[in-house]
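[1] Any chance you could fold what I've pasted below:
(4 chains)
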Number of protein chains: 2
Amino acid sequence: MRTLPGATFPLMSSEKADAGTGTGKPPMRDALVAAAFQLFLERGYEQTTIDDIVALAGVGRRSFFRYFPSKEDVVFPDHERCLADMTAFLAAGTGDEEPVRRVCDAARLVLRMYAENPTFSVQRYRLTKQVPGLRAYELSVVWRYERALAEYLRRRFAARRDGTLQADVIAAAVVAAHNNALRSWLRSDGQDEASATVDHALAYVQSAFGGTPVPPAGEQPEDVVVVVSRRDAPLWRVVQEIESTLGRG
Amino acid sequence: MRTLPGATFPLMSSEKADAGTGTGKPPMRDALVAAAFQLFLERGYEQTTIDDIVALAGVGRRSFFRYFPSKEDVVFPDHERCLADMTAFLAAGTGDEEPVRRVCDAARLVLRMYAENPTFSVQRYRLTKQVPGLRAYELSVVWRYERALAEYLRRRFAARRDGTLQADVIAAAVVAAHNNALRSWLRSDGQDEASATVDHALAYVQSAFGGTPVPPAGEQPEDVVVVVSRRDAPLWRVVQEIESTLGRG
DNA sequence: CCAAGGAGTGCACTGAGTGCCATGCGTACC
DNA sequence: GGTACGCATGGCACTCAGTGCACTCCTTGG
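    Take a look at the predicted model:
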């Protein structure tokens, strides 16, 4: 991606410093994002036209669509890069990793991107929360993340019976847990500890689907543990009991 | 309006009461759906304009938007009713039902709707598979189902710690399992047994989240189960053992 | 026979998104 | 130095989805 200086894929949100790369950041793209958000916040998304944005940014209307294929895209300026990062992360594995844990780590990547720009993320959250069109667009963005996770799991589960089913379900569960934590963090205006929130949420998914959550690392517990459960207890309760008995989670 | 030669495709089951305006069955709506699908299939979705559709259906352009708020909506003409059915189903419970099983049953409702019109469903599947705009729209439709399930589970899990998290994750898993089964059925051109496919997929979710899967019906298992595990065994192995001991999965 | 209301329609308008071409600017090559 | 090229940008006109409004029927009810 970072092949050519000033090449065709310059992306970053407006606040991110990219002076390190030495590639001049594209001022126009950032100017458009800044102008768009200023107007979206002060008069609403649907009340803002493309002409308003380009007028404020001081550029031609045609240039907007050169950088963003649609009006919605300007609200999610960095997801294309993030999706590429996530795909690269999943492809970079050796194949020895525990698959569920791996996709959970991939999800943490996305949360980190949000957490890098808390104010921007919170503003966008408020926007998407109340504009149906943006919510729909966000779904298609999230769907691409989910597909990336599911495709990875499908490869890892190729030998399993019902591998694709398990891959789809686990990917959906991971995304849902991530989104639950993300929204909780966004509602706190970025005040909560994002990573702790998402760790907790993903631990639930890992416990349900058999990933080993948070390896104990160091302490030497008793060798054997006995758990007694009523047979009709729901599995999640049994697992919860196991976890606490094992001193995990 | 039956006089129009274009409206010859009895694609829709429109005998049921209309969810939007309880005015019985509107022939115009069906004519529009029939005309739209005829054109979509023979020349593609994006190559078909609203004017083409209303011309073929022999009605005024303005009338299209009276029945369908957008061009995409004509592709999913019955989902509004189905969503209402599902919401009603979830609200109709006594509160004694096992929650995970209940949302699985709700999902089966949706599959049934698809299975009622196999040819229509398969045609729509082919369409949505290759038109990005329709895929995005379908996501927003599916999202509403998922929200309905999640809201139900949130109510049922109100007393639990992490109730909303569990609700969101389980709802997402149920929808993913349902969609996996649905797509598998659609790819078979509606030849497979739809209910068996979805039962199998949902059983996986129930086994993971503690719904009692496929109740043994008759046999009375032991009341209590004891599990012994080495303390440093990975959790997923413990869970696997628990599951097999409990006779789940 | 008339009043009211709803269903259908025509018309004009907004705004997103696209294709095409002109313009300006820097660089490479002669 | 000048010309040719590539590239980013801007301007213009066009298509098409979607909306607001006003008008015509047609039905229903008094």
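[2] List the residues that contact the residue nearest the centre of chain A.
    For chain A, the residue nearest the mean C-alpha position is A:V110 (3.0 Å; C-alpha atoms, centre = their mean). The contact partners of A:V110, taken as C-beta atoms under 8 Å, 6 or more residues apart in numbering or on different chains, are A:82, A:86, A:145, A:178, A:182. Glycine gets a C-beta too; all of them are placed from N, C-alpha and C.
[3] Helices of chain A, start to end?
    With helices called from DSSP state H, chain A shows them at A:27-43, A:50-57, A:61-67, A:79-91, A:99-116, A:118-130, A:132-156, A:163-187, A:194-209, A:235-246.
[4] Please tell me which one of the contacts of A:V110 counts the most neighbours.
    Among the contacts of A:V110, A:H178 has the most neighbours (other C-beta atoms under 10 Å in any protein chain shown), with 28 neighbours.
[5] show me what contacts that residue?
    Counted by C-beta under 8 Å, 6+ apart, A:H178 has contacts A:107, A:110-111, A:198, A:201-202.
[6] What's the per-residue pLDDT of it here?
    Turning to A:H178, the model gives it a pLDDT of 98.
[7] confidence score at A:E222?
    On the pLDDT scale, A:E222 gets 49.
[8] State the pair within the contacts of A:H178 that is farthest apart.
    A:V110 and A:A201 (12.7 Å; C-beta to C-beta).
[9] For A:D189, which non-adjacent residue is spatially closest?
    A:V122 (5.5 Å; C-beta to C-beta, 6 or more residues apart in numbering or on different chains).
[10] With A:T164 instead?
    A:R154 (5.3 Å).
[11] looking at the helices of chain A, which is closest to B:F76?
    Comparing the helices of chain A by C-beta to C-beta, helix A:132-156 comes nearest, at 13.2 Å.
[12] Can you list the buried residues in that closest one?
    A:134, A:136-143, A:145-146, A:148-154, A:156 (16 or more other C-beta atoms under 10 Å in any protein chain shown).
[13] name the helices or strands packed onto that helix?
    Judged by 3 or more C-beta pairs under 8 Å, 6 or more residues apart in numbering or on different chains; DSSP states H and E, the packing partners of helix A:132-156 are helix A:79-91, helix A:99-116, helix A:118-130, helix A:163-187, helix B:132-156.
[14] now check that helix, is it near DNA strand D?
    No - if you take C-beta under 7 Å from any atom of the strand as the test, helix A:132-156 misses DNA strand D, and the best it gets is 9.8 Å.
[15] can you count the residues close to A:Y204?
    The burial count for A:Y204: 21, using other C-beta under 10 Å.
[16] Surely it touches B:A167?
    No - judged on C-beta atoms under 8 Å, A:Y204 makes no contact with B:A167 at a distance of 11.2 Å.
[17] check contacts around the closest residue to A:R160 other than its chain neighbours.
    Residue nearest to A:R160 in three dimensions, not counting chain neighbours: A:Q166, with 6.4 Å by C-beta to C-beta, 6+ apart. Residues in contact with A:Q166 (C-beta under 8 Å, 6+ apart) are A:153, A:157, A:160, A:209, B:204.
[18] low-scoring pLDDT stretches of chain A, where are they?
    Applying pLDDT under 70 to chain A flags residues A:1-25, A:211-249.
[19] Quick check: residues of it near DNA strand D?
    A:6, A:8, A:26, A:28, A:58-63, A:66.
[20] Let's see that with 6 Å instead.
    A:28, A:59-60, A:62-63, A:66 (C-beta under 6 Å from any atom of the strand).
[21] how close does A:E116 sit to B:F157?
    A:E116 sits 32 Å away from B:F157, going by C-beta to C-beta, to the nearest Å.
[22] what does A:S140 give?
    Distance from A:S140 to B:F157, by C-beta to C-beta: 28 Å.
[23] ok, how many other residues are close to A:A115?
    17.
[24] I figured it hits A:A194, correct?
    Yes - counting by C-beta under 8 Å, A:A115 touches A:A194, with 4.5 Å between them.
[25] Mind listing the shared neighbours of these two?
    With C-beta under 8 Å, 6+ apart as the test, A:A115 and A:A194 both reach A:W185.
[26] farthest pair in the contacts of A:V110?
    Longest span within these, C-beta to C-beta: A:M86 and A:L182, 14.3 Å.
[27] does DNA strand C sit close to stretch A:65-83?
    Yes - looking at stretch A:65-83 against DNA strand C by C-beta under 6 Å from any atom of the strand, the contacts come from A:65, A:69-71.
[28] what's the distance between that stretch and the middle of its chain?
    15 Å (C-alpha atoms, centre = their mean, to the nearest Å).
[29] Tell me how far A:A115 lies from B:D162.
    Counting by C-beta to C-beta - A:A115 and B:D162 are separated by 21 Å.
[30] surely A:G210 meets A:R101?
    No - contact criterion C-beta under 8 Å: A:G210 and A:R101 do not qualify, at 10.0 Å.
[31] neighbour-wise, which of those two wins?
    A:G210 (22 against 17).
[32] Could you check how far that one is from A:F157?
    From A:G210 to A:F157 the distance is 12 Å (C-beta to C-beta).
[33] Could you break chain A into its assigned domains?
    Per the record, chain A has its domains at A:19-74, A:78-210, A:221-249, by automatic domain parsing.
[34] Please work out which of these is packed deepest.
    domain A:78-210 (a mean of 19; mean count of other C-beta atoms under 10 Å in any protein chain shown).
[35] related to what we said a few turns ago, of the contacts of A:H178, closest to chain B?
    A:A201 (5.6 Å; C-beta to the nearest C-beta).
[36] Now do the contacts for that closest one.
    A:177-178, A:180-181, B:165, B:169.
[37] Out of these, which is nearest to DNA strand C?
    Set against DNA strand C, the nearest of those by C-beta to the nearest atom of the strand is A:H178 (27.0 Å).
[38] what about the closest one, distance to A:Y45?
    According to C-beta to C-beta, A:H178 stands 25 Å off from A:Y45.
[39] Then A:S184?
    Distance from A:S184 to A:Y45, by C-beta to C-beta: 24 Å.
[40] who in chain A is up against DNA strand C?
    A:49-51, A:62, A:65, A:69-71.
[41] again, only using 10 Å
    Within reach of DNA strand C by C-beta under 10 Å from any atom of the strand, chain A has these residues: A:45-54, A:60-66, A:68-74, A:133, A:137.
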